[in-house]
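Participant: Prediction below, plus the sequence it came from.
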Amino acid sequence: MIDTDKYEGHTEGPWVCTHSPVNGGRQFWSVVDHTQPTDVGDDTLGNWRIADIIDFEADAQLIADAPLLLQEVKRLREQGRKLIEAAERVRSDISDQDTGWYYQLGNHIEKMNRLVIE
């Protein structure tokens, strides 16, 4: 399970993947926070850098998407918790009616809970 608490206080997005000319003009990739002020016009090197000198565009894009991926992980975990709560309510509603369904649903809820925690 990913401990998302360790990301508290990270630089908020959006982050942008862009070319970064360094080392004698060779093109690398950088990830920058375009929400920060820049003092060199449109030059992306004037923006606040998140990561620099990345060889592959796909790696830079993955880094740039990190805030979005973190947000999605948190959303999916919350959705999973809500599903478990809903299943628990259904289970309590049928507990008096059919003990077979009650125990089967209980087993499924436990499995769902383990998946959300992992």
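Facilitator: Now that the structure is in, tell me what you want to look at.
Participant: Only C-alpha atoms from now on, for both contacts and neighbour counts.
Facilitator: Will do.
Participant: out of everything not next to it in sequence, what's closest to the residue positioned nearest the centre of the chain?
Facilitator: Central residue of the chain (C-alpha atoms, centre = their mean): Leu70, 1.6 Å from the mean position. The shortest distance from Leu70 to any non-neighbouring residue, by C-alpha to C-alpha, 6 or more residues apart in numbering, is to Thr4 (7.5 Å).
Participant: distance of that neighbour from Glu72?
Facilitator: From Thr4 across to Glu72, the span is 11 Å (C-alpha to C-alpha, to the nearest Å).
Participant: what do you get for Ala66?
Facilitator: Here the criterion is C-alpha to C-alpha. By it, Ala66 lies 10 Å from Glu72.
Participant: what does Ser30 give?
Facilitator: 23 Å.
Participant: And for Trp15?
Facilitator: Distance, Trp15 to Glu72, by C-alpha to C-alpha: 16 Å.
Participant: sec struct for the nearest residue to Pro67 once chain neighbours are set aside, please.
Facilitator: Once flanking residues are discounted, Pro67 sits nearest to Gly13: 5.8 Å by C-alpha to C-alpha, 6+ apart. What DSSP: H, G, I helix; E, B strand; the rest coil gives for Gly13 is coil.
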